[in-house]
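**Q** Compute the structure for the input listed below.
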Amino acid sequence: MIFFSVGLPGSFAEWCDAILIELVRRMPGSVESVTANSPENLAASVIKARAANIVCSSRYPNNHLRRILADTGSRFLCVIDDPRVALAQSMAAAGKDLPTAIKEVASSCACVMQYSSLSGALRLSADHHAQTPIETIKAIGNHFGMTVADADLPCIIESVRALGLTSEQHPVDAWWDSLGEPGKALIAGTLDAYATYFSTGKLGNLIWRRGLFLLGDTPEPAHGVIELTGRARNLIHGPYILLPPGSCTFHVVFGCSKEAAGVSLLFDVLANSKTQLAPFTRFQPKTGGIFEVILTCTIEESDDQLIEVRIFNERAMFDGRMSLGGVTVIYEHGTQSVRDPALAAELGLDLI
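**A** Numbers count the residues shown, from 1 in each chain. Sure, this is the predicted structure:
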């Protein structure tokens, strides 16, 4: 048999995976754990496996796998955690830089949120279930039709503890306080909407700040002012994050200096750096200022692809500067203010 567990990266999901493995060990036949995010990955793992029972864990489960679980009514674990906690633990475990870790956790959120409402899901929330390990173990066993004897519970907990895993949640307040305001804003804009979704079922605006984007002709982040002087080129691209399916708009806020008046800028949206989701939109500022370009597209269920917003200048420039404010992704009708005093000050502009 195959037992599935999907969830956000972090210690609570790892604990739930380990508990599930311990429960399956008490069934007839051997058990083996694998990691797979797609049916193709899973098929390869099953072919290589020598065990009668397989526990499959996934942190970035794709839509193809979701459709199979939905169509078959298969039971599985869906482990939800605070995205900020998942981020802190991911950075501590792998030593990743903040933008890279944010992109990975945001992509995991976009995947896992689509599984949480399936009929076969046992939704386990770190906020609640981590505090009641005995009841959580029983709930996992019951969900998969296993009989868990009370006498076995201490042994199961100790076996998982021996792996260095507990259900206890470690506070991240010190980590959060150590971050500067730009880092906190980067996290809040990208992840807080998912935290709201997991608690309310409603997805708010996703705000991708410029620290997630890259300069077009270097591997450097798109911080600060970009000089337009020089050849036509890709100025900005990123952030390469998975998004949930649905119709959405990308609100690109940027500023241009007075010297950049007349520059011809092109904007588009790509999936996996090859499929154009939103066609090129041209924008030519008549004067310096803070502007907004809106790109509309549909993220299909089949699009398990990293999303990229690009900005080009269409012809060579002899002067002028621009700065990216950020990109807001809106799945429902909403408003987006383009007033950005910091961006205006950066470019020497006066906001009325």
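**Q** Please make it C-alpha for all contacts and neighbour counts, starting now.
**A** Fine.
**Q** how far away is the nearest residue to Ser125 once chain neighbours are set aside from Phe198?
**A** In space, and not counting its chain neighbours, Ser125 is closest to Ile80: 4.8 Å by Cα to Cα, 6 or more residues apart in numbering. From Ile80 over to Phe198 the distance is 7 Å, taken as Cα to Cα, to the nearest Å.
**Q** Could you list the low-pLDDT ranges of this structure?
**A** Scanning the chain for pLDDT under 70 picks out 303, 333-345, 347, 349-352.
**Q** switch to 50 and redo it
**A** Residue ranges of the chain with pLDDT under 50: 333-335, 352.
**Q** and Pro182, how many neighbours does it have?
**A** Pro182 has 11 neighbouring residues, counting by other Cα atoms under 10 Å.
**Q** do the same with Met1
**A** Neighbour count for Met1, taken as other Cα under 10 Å: 11.
**Q** Show the contacting residues for it.
**A** For Met1, the contact set (Cα atoms under 8 Å, 6 or more residues apart in numbering) comprises 52-54.
**Q** Buried residues in the longest helix belonging to the chain, which are they?
**A** Secondary structure of the chain per DSSP state H: the longest helix is helix 181-200. Neighbour counts over helix 181-200 (16 or more other Cα atoms under 10 Å) mark 185-195, 198 as buried.
**Q** Helices of the stretch 201-350 of the chain, residue ranges please.
**A** Using DSSP state H, counting those that start in this stretch, the helices of the stretch 201-350 of the chain run over 341-346.
**Q** Mind checking which of the contacts of Met1 land in helices?
**A** Residues of the contacts of Met1 located in helices (DSSP H): none.
**Q** mind putting those in JSON lines, neighbour count and distance to Gly95 included?
**A** Shown next, in JSON lines, are these (neighbours: other Cα atoms under 10 Å; distance: Cα to Cα, whole Å):
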{"residue": "Ala52", "neighbour count": "13", "distance to Gly95": "36"}
{"residue": "Asn53", "neighbour count": "21", "distance to Gly95": "33"}
{"residue": "Ile54", "neighbour count": "22", "distance to Gly95": "30"}
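**Q** Can you tell me which of those residues end up in strands?
**A** Mapping those onto strands (DSSP state E) picks out 53-54.
**Q** Looking at the contacts of Met1, spot the one nearest Glu32.
**A** Glu32 lies nearest to Ile54 out of these, by Cα to Cα, at 5.0 Å.
**Q** I'd guessed that closest one sits against Phe3; true?
**A** Yes. Taking contacts as Cα atoms under 8 Å, Ile54 lies within contact range of Phe3: 6.2 Å.
**Q** quick one, domains of the protein?
**A** 2-161, 205-346 (automatic domain parsing).
**Q** Looking at these, which is nearest to Trp175?
**A** Closest among these, using Cα to Cα: domain 2-161, at 7.2 Å.
**Q** Quick one: end-to-end distance for that closest one.
**A** Per Cα to Cα, domain 2-161 runs 24 Å from first to last residue.
**Q** Could you give the separation of it from the chain centroid?
**A** 17 Å (Cα atoms, centre = their mean, to the nearest Å).
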